[in-house]
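# have a look; sequence and predicted model below, questions after that.
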Amino acid sequence: MVLPNTNLTIGKQAFDNCRSLAKLELPIGLSTLGNQVFGENTYRAIYTNPSYIDTSRQTNALTFNVDDNYNSSLIELPKFTFEFCKNLEEVYLPASITKIKNGAFHECNNIKHFAAPGLKVIE
């Protein structure tokens, strides 16, 4: 599923427990995520696109679409964003994300690769 650039906000729990949603691309203009928006999903990876990783064949992935400087309009991950995403192994966040709030990756115990080049605050 590709969300259009007109979607600037995704509300609380909008994609919570959507285990059959194998691939989701978020727009560059996305500026706000609600709490627990992607909780209990089967995502294996979170990417930025364009990326040095070929995501074209990836399934079970969430992709942040970004500009040439790896930025989007999103600056923080809210509480419990990816809570209980137990399959999550790779996380590559946009450079624009500077804050990760409490519990954003709660019970995501299988993360092996994590990159957040703009990160300044973890609550």
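Nice, I can see it. As the structure is a prediction and not an experimental result, all values here were calculated from the model.

# CA atoms for contacts and neighbours, from now on please.
OK.

# the residue nearest to P4 when sequence neighbours are not counted and T6, how far apart?
Distances taken as CA to CA, 6 or more residues apart in numbering put P27 closest to P4, at 6.0 Å, once the chain neighbours are dropped. The spacing between P27 and T6, counted by CA to CA, to the nearest Å, is 8 Å.

# more neighbours, those two?
For P27 versus T6, neighbours defined as other CA atoms under 10 Å are more numerous around P27 (21 against 10).

# that one contacts N5, correct?
Yes. Between P27 and N5 there is a contact at 5.0 Å, judged by CA atoms under 8 Å.

# what helix or strand is V91 located in?
Using DSSP states H and E, V91 sits within strand 90-92.

# for the very next helix or strand once past that strand, packing partners?
Scanning forward in sequence from strand 90-92 by DSSP H and E, the next helix or strand is strand 99-100. Packing contacts for strand 99-100, counted by 3 or more CA pairs under 8 Å, 6 or more residues apart in numbering; DSSP states H and E, involve strand 76-77, strand 121-122.

# tell me the strands beside strand 99-100, with direction?
Sheet pairing of strand 99-100 (DSSP bridges) gives strand 76-77 (parallel), strand 121-122 (parallel).

# most packed of the ones you listed?
Most buried of these by mean neighbour count (mean count of other CA atoms under 10 Å) is strand 76-77; its value is a mean of 22.

# for the closest residue to H113 other than its chain neighbours, give me its contacts.
Counting by CA to CA, 6+ apart, H113 lies nearest to E90, which is 4.8 Å off, once chain neighbours are set aside. Going by CA atoms under 8 Å, 6 or more residues apart in numbering, E90 touches R44, A45, I46, Y47, I111, K112, H113, F114.

# now pLDDT too, for the residues you listed, in TSV please.
Conversion of those to TSV gives the following (pLDDT from 0 to 100):
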residue	pLDDT
R44	81
A45	77
I46	80
Y47	73
I111	92
K112	91
H113	88
F114	91
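
# quick one: buried ones out of the residues you listed?
R44, A45, I46, Y47, I111 (16 or more other CA atoms under 10 Å).
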